[in-house]
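>>> Take a look and give me a structure for this.
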Amino acid sequence: MKKKSFHFSFFRYVPMILVMGTIFILSSQPGDTLSLPDIPNIDKVLHAGIYGLLALTTLFAVGKELISAHPRPVAFLVLLFCALYGLSDEFHQSFIPGRTPSVWDLFADTTGAVLMVFLWLRFFLQNDKRRVIGFRCR
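From the prediction side, this is the model:
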């Protein structure tokens, strides 16, 4: 088996790091500087969306070979990673004026990650002959 170069492997992590940085920067904004549309629960939808993107970029960083070889453990670890990053983000917000940590935000973060991991495993690994989280992929 041919070893991948460090150069190639490092760049697979860049999108994940950029998403993490974006989350950090957005959560560093004081509460009164954020202007969201007046749509009920739009903040929860945005939380789910950005953490879904974090899960997707984390799966990309891990790589299809490892996901194909160990789909369930990788899925669990990606979800754990996203949930822990969400928890650290909520803790971080406790130090920002006008922001407060919220269990509902953490729930939205984790829900977005779960949905993305489920969709990734269901639709993007269809060519894998393994059973992936209860689905037979063809």
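
>>> need the strands for this structure, in chain order.
131-132, 135-136 (DSSP state E).

>>> where does this structure dip in pLDDT?
Counting by pLDDT under 70, the chain has low-confidence residues at 1-8, 124-138.

>>> Tell me which stretches of it form helices.
Per DSSP state H, the chain has helices spanning 6-27, 42-62, 64-69, 71-93, 103-119. These are given in chain order.

>>> If you count contacts, what does the longest one end up packed against?
This points to helix 71-93. With contacts defined as 3 or more CB pairs under 8 Å, 6 or more residues apart in numbering; DSSP states H and E, helix 71-93 has these neighbours: helix 6-27, helix 42-62, helix 64-69, helix 103-119. From N, CA and C alone the C-beta is placed, and that goes for glycine too.

>>> which residues sit against the second one?
The contact list for helix 42-62, computed with CB atoms under 8 Å, 6 or more residues apart in numbering, reads 12-13, 15-16, 18-20, 22-23, 26, 36, 67, 74, 78-79, 81-82, 85-86, 104-105, 108-117, 120.

>>> What subset of the residues you listed is buried?
By neighbour count, with 16 or more other CB atoms under 10 Å, the contacts of helix 42-62 hold 15-16, 19-20, 23, 67, 74, 78-79, 81-82, 85-86, 105, 108-110, 112-114, 116-117, 120 as buried.

>>> residue contacts, the nearest residue to Arg99 once chain neighbours are set aside?
In this structure, Arg99 finds its nearest non-sequential neighbour in Gln93, 4.2 Å apart by CB to CB, 6 or more residues apart in numbering. Under the criterion of CB under 8 Å, 6+ apart, the contact partners of Gln93 comprise Ser27, Arg99, Thr100, Pro101.

>>> What of Arg12?
In this structure, Arg12 makes contact with Phe60, Ala61, Gly63, judged by CB under 8 Å, 6+ apart.

>>> If we use 10 Å, what do you get?
Lys4, Thr57, Phe60, Ala61, Val62, Gly63 (CB atoms under 10 Å, 6 or more residues apart in numbering).

>>> Which among those count as buried?
Of all the contacts of Arg12 considered here, the ones buried according to neighbour count by 16+ other CB under 10 Å are Thr57, Phe60, Ala61, Val62.
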